[in-house]
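Colleague: just coords:
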């Protein structure tokens with residue numbers, strides 16, 4: 001699918017079945033899973049979804065290089081905690097410095113082309129991810145959600161990397177264009193500031 005994602009939910013899935021499925025499919029790639037309290041969403045991302053997440057990840061890395069920030073990317077690594085009855089793979093994720101064993105990223109990036117069937121923000125909150133940046137098709141930008149207590153609140157800027165102008169970055173998220181050209185133009189814009 002070019003513009004949509006295939007999604008479906010299985011209910012009543014025990015934690016052990018989720019873990020077995022996720023582990024069995026780890027090498028396959030392509031299938032994303034979100035688990036929350038026995039509900040398991042399986043999603044096959046579209047080409048548009050994958051292109052947008054790649055562009056965002058690339059631009060974040062360009063910013064980190066230009067500003068000499070130790071921002072480390074972990075792609076779609078699986079994060080899960082049985083005690084919290086939740087697990088998922090972000091589209092992209094980053095930490096400032098080292099990711100501790102068993103830790104979670106400082107920033108998770110979610111690209112939404114179609115509506116989720118399981119509440120990913122609830123899973124992120126259970127896992128304790130400090131920020132989730134959300135790009136929605138047609139919404140025109142990245143929304144920052146900051147974990148406050150057990151829920152997320154919308155913020156104007158990232159608190160993890162407050163110097164990063166997400167509105168400027170989002171202006172270079174243009175699927176269908178050369179990723180190399182987008183990165184170079186973004187780099188030029190950063191150097192002009």
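Modeller: Here it is on my side, so go on. Keep in mind the model is a prediction, meaning the values are calculated, not measured.

Colleague: which parts of this protein are strands?
Modeller: Taking DSSP state E as the criterion, the chain carries its strands at 6-10, 32-36, 39-44, 71-73, 79-81, 86-88, 92-96, 107-112, 131-136, 142-148, 151-155.

Colleague: skipping its backbone neighbours, what lies nearest residue 146 in space?
Modeller: Distance criterion C-beta to C-beta, 6 or more residues apart in numbering; nearest residue to residue 146, sequence neighbours excluded, is residue 155 at 4.7 Å. Yep, even glycine has a C-beta here, placed from its N, CA and C like the rest.

Colleague: cool, and residue 110?
Modeller: Excluding its sequence neighbours, the residue lying closest to residue 110 (C-beta to C-beta, 6+ apart) is residue 134, at 4.9 Å.

Colleague: wouldn't the one you found be in contact with residue 112 here?
Modeller: Yes: in terms of C-beta atoms under 8 Å, residue 134 counts as a neighbour of residue 112; the distance is 6.5 Å.

Colleague: looking at these two, which is more packed in?
Modeller: Between residue 134 and residue 112, residue 134 has the larger neighbour count (other C-beta atoms under 10 Å), namely 20 against 17.

Colleague: next up, the contacts around that one.
Modeller: Taking C-beta atoms under 8 Å, 6 or more residues apart in numbering as the criterion, residue 134 is in contact with 109, 110, 112, 142, 143, 145.

Colleague: I figured the last one hits residue 135, correct?
Modeller: No: at 11.9 Å, residue 145 does not count as touching residue 135 under the criterion of C-beta under 8 Å.

Colleague: give me the residues contacting the longest helix belonging to the chain.
Modeller: Longest among the helix segments of the chain by residue count, using DSSP state H, is helix 47-67. Helix 47-67 is touched from outside by 1-3, 5, 45, 69-71, 73, 75, 91-92, 94, 109, 111, 113, 133, 135, 137, 142, 163-164, 169, 172-176, 179, 182-183, 186-187, 190-191, with contacts defined as C-beta under 8 Å, 6+ apart.

Colleague: ok, now stretch 30-41?
Modeller: 7-15, 17-18, 21-22, 25, 42-45, 76, 78, 80, 85-89, 116-120, 122-123, 126.

Colleague: ok, residue 25 - how many residues close by?
Modeller: Number of residues near residue 25 (other C-beta under 10 Å) recorded here: 15.

Colleague: against residue 156, how distant is it?
Modeller: 38 Å (C-beta to C-beta, to the nearest Å).

Colleague: lovely, talk soon.
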